[in-house]
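S.K.: Structure of the sequence below:
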Amino acid sequence: FGCPAEAVVMAAACSTASPFANPSRLGFQDPDEFTQHLADTAAAWRFFDAGHFSEPIALFRLFLGWLRRLKLTPVRSSTTQRWFRATNMLEKDAAIDPSRM
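M.R.: Residues are numbered from 1 along each chain as shown. Okay, the predicted model is just below:
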């Protein structure tokens, strides 16, 4: 179609639920823990957004981060195992919901 790969990734990412964690007040009894989860999510958005204030750019950069981690997984593993490991590595570094990746 002549579309750059970046545009396709951004469009696909914007058509699904955000992979960033979305903590709910109902899930926490300790207000400080809830506040920390909100701060972690905001920090992850700021990191992947890189100051552009753009959800598509943040999602594209998140995809690139995941792709870099995918390349670090052992090639001998199955595709599913590699995707799972890359998602888990990304979850440890950023406040994302692995079930939405």
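
S.K.: all helices for this structure, in order.
M.R.: Taking DSSP state H to define them, one finds helices in the chain at 5-14, 31-49, 55-72, 79-93.

S.K.: list the helices and strands the last one packs on?
M.R.: The helices and strands touching helix 79-93, judged by 3 or more CB pairs under 8 Å, 6 or more residues apart in numbering; DSSP states H and E, are helix 55-72. Placement of C-beta: from N, CA and C, glycine included.

S.K.: re the thing from before, how about the helices of the chain in JSON lines, adding distance to Pro23 and mean neighbour count?
M.R.: As requested, these are exported to JSON lines (distance: least, CB to CB, whole Å; neighbours: other CB atoms under 10 Å):
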{"stretch": "helix 5-14", "distance to Pro23": "21", "mean neighbour count": "13"}
{"stretch": "helix 31-49", "distance to Pro23": "4", "mean neighbour count": "15"}
{"stretch": "helix 55-72", "distance to Pro23": "17", "mean neighbour count": "17"}
{"stretch": "helix 79-93", "distance to Pro23": "14", "mean neighbour count": "15"}
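
S.K.: any chance of those in JSON lines, with distance to Asn22 and mean pLDDT too?
M.R.: As requested, the helices of the chain are exported to JSON lines (distance: least, CB to CB, whole Å; pLDDT from 0 to 100):
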{"stretch": "helix 5-14", "distance to Asn22": "15", "mean pLDDT": "89"}
{"stretch": "helix 31-49", "distance to Asn22": "7", "mean pLDDT": "92"}
{"stretch": "helix 55-72", "distance to Asn22": "13", "mean pLDDT": "92"}
{"stretch": "helix 79-93", "distance to Asn22": "14", "mean pLDDT": "90"}
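
S.K.: can you redo those as CSV with distance to Arg100?
M.R.: Output for the helices of the chain, formatted as CSV (distance: least, CB to CB, whole Å):
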stretch, distance to Arg100
helix 5-14, 10
helix 31-49, 13
helix 55-72, 11
helix 79-93, 10
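
S.K.: Looking at those, which is nearest to Phe20?
M.R.: Among these, helix 31-49 comes nearest to Phe20, with 5.8 Å by CB to CB.
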